[in-house]
Each structure stands twice: as structure tokens, then as C-alpha cells.
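Enquirer: Using only what follows, build the 3D model:
(one chain, ligands or ions: 1)
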Amino acid sequence: MTARIVGTGSYVPEKIVTNEDLAGIVDTSDEWIRTRSGIRSRHLATDMGTSEIAVQAALRALEMADVDVLELDCILVATSTPEKHFPSCACEVQGAIGAKNAVAFDISAACSGFVFAMSTMDAFMKSGIYQTGLVIGADVLSKVIDWKDRGTCVLFGDGAGAAVVRAEEIGVIGFSMGADGSRGDVLSCLSRSTGNFLTSTEPQMGYMSMNGQEVFKFAVKKVPECICQVLQENHINIEDVKYFMLHQANVRILEAAAKRLGQPLEKFPIDIEKYGNTSGASIAILLDEWNRKGMLTRGDKLVLAGFGAGLTWGALLLEW
Ligand code: UT7
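Expert: Numbers count the residues shown, from 1 in each chain. Model (predicted):
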């Protein structure tokens, strides 16, 4: 058995913030943001938390899959911006949708999170442990961004994407994941802390910090490498892949990955112009968009690939 996606859903908050809006806050311009990243606007959560947007994406995926919540036996949420240290975002989703038969927990792998969570769900299904799962990628990075730092604040957006999966004969073919914890400082965000024993109890807010060029170089090397690895290990010819659904961080990263893989850019769906980098949600939102547009046909081979803080990276090969 393997994990087969039988329904997808996504949700982005209502508020749209354009590049022009941001040019009124930090020293930047629409032209810089568009040409350096491909982003034109992003949706930001003003009155919703991570679990609330995750729930909206989940309900849409469940509706498409026509799966009753009581059938779910496992819920995984990939997020690096949960509202609480505990309970997990996955438990909050489980409670909100009433999936009382499902175990629920979060997976923290930043922008690789959805690929890591899908791979984990697949491993559970291959080993016969769970039969009906919900995999969600949800992030609200706007809450951990320093809105005075033009190097990061223009790049990110908020959103959630979800997939309902069932243990079936056809679905995930294989995956490849990796991590390099020695390079964690390239992209990091401190958690809230109340200080050490008997010292300061004032909550400190951690902001995201990023060395953009280092992340860029890492991504254009690692993403093609892990895609080639998963294809080779599963004896699939790269020409037979219909779409490479990559984490939406920068159009230039997608272009560089396509070039390195020797594949046309048309095989790399792009929606970053509308949403910015939604971290763990981006691949799931893209998948839902392409699914709802009717671009995916049973039998298509797809590669989902993510990269991000950790550093982490991963590629998942599946048959639709
Ligand atoms: O999910 C994974 C998370 N992160 C990523 O994937 C990020 C990967 N990296 C990138 O996407 C790119 O490196 C960036 C978009 C972050 C930056 O593009 P870049 O071409 O690497 O620009 P840069 O960092 O070399 O900066 C070029 C210039 C600098 O000015 P000087 O030193 O040349 O005078 C920056 O200070 O652009 C300046 N700059 C800006 N200017 C206007 C940096 N941010 C901005 C801004 N608006 N928002």
C-alpha cells in the first residue's frame, strides 16, 4: 500500500498586501521585488491563526475527497509557525473538525515541511499502520517577520494547503529527504522565551533572519540533486514527469532548477506572484490550484520538492 492523494484544499487569508503597499513601509519598490523574486502580492492573516487557516484548507480537501472526518486515523500538520508550543496545531485542527479517531501531531521542517509530512504519512501507510490521513502545510510567517527588515518582509505570505490521503495500490512512489543542521544559522527564527530559571519573565519575540544568497545557492544545488536521486532510485525517466511542484520561494530558483534538470519551465507550476513564499504551505497550495484547474490526470507522475530552514530538503515522487 502507498499514500494516494484523493482530495486537496487550500486557504489564504483575505487581506492582500501588494508590493506598492510594502514600498510605503520599507525602502523597497515593486520593481525590485518583482524582478528579484517574481512576487507581486501576498495574503496576510490579520485575524486568523495558523490552526484556523489550516482548518479551512482541511475542510475543503475533505469535501473534495468526500471523506468523513471520523474515517481519519492520522493528521499531520507541517508548520514552523504554530500559535502555541503546545498543544500542537495538528491537535487543534483535530479538535476543530471533530476527527476524534485520528492521532495528530506537527512536523517541523520549515519550507520542506509538506514533503516531509507526506513522506511520513506514506511510511505509515506502507507499513499498514494508518489508512486514511490528512496532511496539511500551514504557516503564518507574517507573525515572525521583522516588518522593518526589507531583506525578508517582502518575500513571505500566509496560507495553508491540505491533502486527504488513503492507503491504496497507486500513489507515492518514493521520496528522498535530507538535513544539514550545521547550517541552521543561514535561515532561523528564535522562539518566544520567558528566560531562564529565576531570571527575566518578559516574553521575547524572535524574528526571522536570513542570508538570502546562501539559501539561494543551497536551493539551486540541493533541489535538482534530490529530485534526480528519487527518480534514479525508482527507475523513472525525468522526461516522464509531468510537473515538478517546487516550494515557491523565488521564480529565479525555479528557473535555475529547471535549467539544471534540463527541463522546460512549463513543467514547473508557479503561483508565487499571488502568494509570496508561504513556507510549509506553498507546495500544498500549488497542488490544490493545479488540481482544481483540472491540470492533473490519473496516471500523471509528479514530483513535489521543498527546501528551507534546517537546512532541510526533500523530493517526493508520486503517481496521481
Ligand atoms: O523558503 C526559503 C526561504 N528563503 C529563500 O528561498 C530566499 C532565497 N534567496 C533569495 O530569494 C534572494 O537571495 C533574495 C530575493 C532574498 C535577494 O535577492 P538577491 O539577488 O540575492 O539580492 P541581494 O541580497 O544580493 O541584494 C541586492 C541588493 C542589496 O543592495 P546593495 O548591497 O547591492 O546595495 C540589498 O541591500 O538589494 C538590496 N535589497 C533590497 N532593495 C530593495 C535587499 N532587499 C531589498 C528590498 N528592496 N526589499
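
Enquirer: Now do the same contact list for the closest residue to the ligand within the stretch 201-320 of the chain.
Expert: Here the stretch 201-320 of the chain gets closest to the ligand at one residue, Gly212, 2.8 Å apart by CB to the nearest ligand atom. In this view, the C-beta of every residue, glycine as well, is placed from N, C-alpha and C. Residues in contact with Gly212, defined by CB atoms under 8 Å, 6 or more residues apart in numbering, are 151-152.

Enquirer: 7 Å instead?
Expert: The contact partners of Gly212, by CB atoms under 7 Å, 6 or more residues apart in numbering, come to Gly151.

Enquirer: Strands of the protein, start to end?
Expert: 2-11, 16-18, 41-43, 74-78, 103-107, 132-140, 158-168, 172-179, 187-189, 208-210, 241-246, 301-308, 312-319 (DSSP state E).

Enquirer: any idea which of those strands is most buried?
Expert: Comparing those by mean neighbour count (mean count of other CB atoms under 10 Å), strand 132-140 ranks first with a mean of 32.

Enquirer: What pairs with it, parallel or antiparallel?
Expert: strand 74-78 (parallel), strand 158-168 (antiparallel) (DSSP bridges).

Enquirer: follow-up on the earlier one: okay, the residue of the stretch 201-320 of the chain closest to the ligand and Asp139: tell me how far apart.
Expert: 18 Å (CB to CB, to the nearest Å).

Enquirer: can you list the strands paired with strand 132-140 in TSV and add mean pLDDT and distance to Met245?
Expert: Converted to TSV, the strands paired with strand 132-140 look like this (pLDDT from 0 to 100; distance: least, CB to CB, whole Å):
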stretch	mean pLDDT	distance to Met245
strand 74-78	98	15
strand 158-168	98	11
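
Enquirer: Figure out which of those is closest to Gly178.
Expert: Nearest of those to Gly178, taken as CB to CB: strand 74-78 at 16.1 Å.

Enquirer: Contacts made by the closest one with the rest, please.
Expert: Under CB under 7 Å, 6+ apart, the answer for strand 74-78 is 54, 88-90, 93-94, 99, 102-107, 109, 113-114, 116-117, 120-121, 124, 130, 133-138, 280.

Enquirer: if we go to 8 Å?
Expert: 54, 88-90, 93-94, 99, 102-109, 113-114, 116-117, 120-121, 124, 130, 132-138, 280.

Enquirer: How about stretch 226-235?
Expert: Residues contacting stretch 226-235 (CB under 8 Å, 6+ apart): 173-178, 237-238, 241, 244, 257, 261, 303, 305, 313-317.

Enquirer: looking at the strands of the chain, which is closest to Lys222?
Expert: The closest of these to Lys222 is strand 312-319. By CB to CB, the value is 4.4 Å.

Enquirer: Understood, closing this out.
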